[in-house]
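Asker: no FASTA, just this:
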């Protein structure tokens, strides 16, 4: 699987900033919501190496099989889940400033609504990734 190294480096830098940030007092509700969203993101990120490993295993099986379709379908789902993750991170980074993510800078009302939207999106993303992993493991017989 090919990744855009510059994009991934940028995403990892954003993640690092988020995780290394401090919590400002007085905005606990927004920061808590931001922390919840980022915790969900972190759970999903932890699955990404597994996603790549499964793609490689499926590709090996597909190359050795005359019935490639089930392997190729699982690969496609895993790649789509990966693309969803990359898109979510890029869009999240466009909506929020580093200070909002890592220092608890107060969010505008519009950004508070955005954060609620992002919370729903990352929950759906988590489900998409978990389902694609589960399907790949079934196809592989794991």
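Answerer: Sure, I can see it. Worth saying up front: this structure is predicted, and the values here are computed from it rather than measured.
Asker: what's the single longest helix in the chain?
Answerer: Longest helix of the chain, by residue count under DSSP state H: helix 109-140.
Asker: for that one, the distance to its chain's centre please.
Answerer: 7 Å (C-alpha atoms, centre = their mean, to the nearest Å).
Asker: same question for stretch 107-124.
Answerer: On the basis of C-alpha atoms, centre = their mean, stretch 107-124 sits 15 Å off its chain's mean C-alpha point.
Asker: and what of stretch 41-59?
Answerer: 10 Å.
Asker: so where is this structure shaky, pLDDT-wise?
Answerer: Within the chain, the segments meeting pLDDT under 70 span 1-32.
Asker: in it, which spans are helices?
Answerer: Along the chain, counting by DSSP H, helices occupy 5-20, 28-45, 48-63, 69-95, 98-102, 109-140.
Asker: would JSON lines of the ones you listed with mean neighbour count be doable?
Answerer: (Glycine included, C-beta is placed from N, CA and C.) As requested, the helices of the chain are exported to JSON lines (neighbours: other C-beta atoms under 10 Å):
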{"stretch": "helix 5-20", "mean neighbour count": "13"}
{"stretch": "helix 28-45", "mean neighbour count": "17"}
{"stretch": "helix 48-63", "mean neighbour count": "16"}
{"stretch": "helix 69-95", "mean neighbour count": "17"}
{"stretch": "helix 98-102", "mean neighbour count": "18"}
{"stretch": "helix 109-140", "mean neighbour count": "16"}
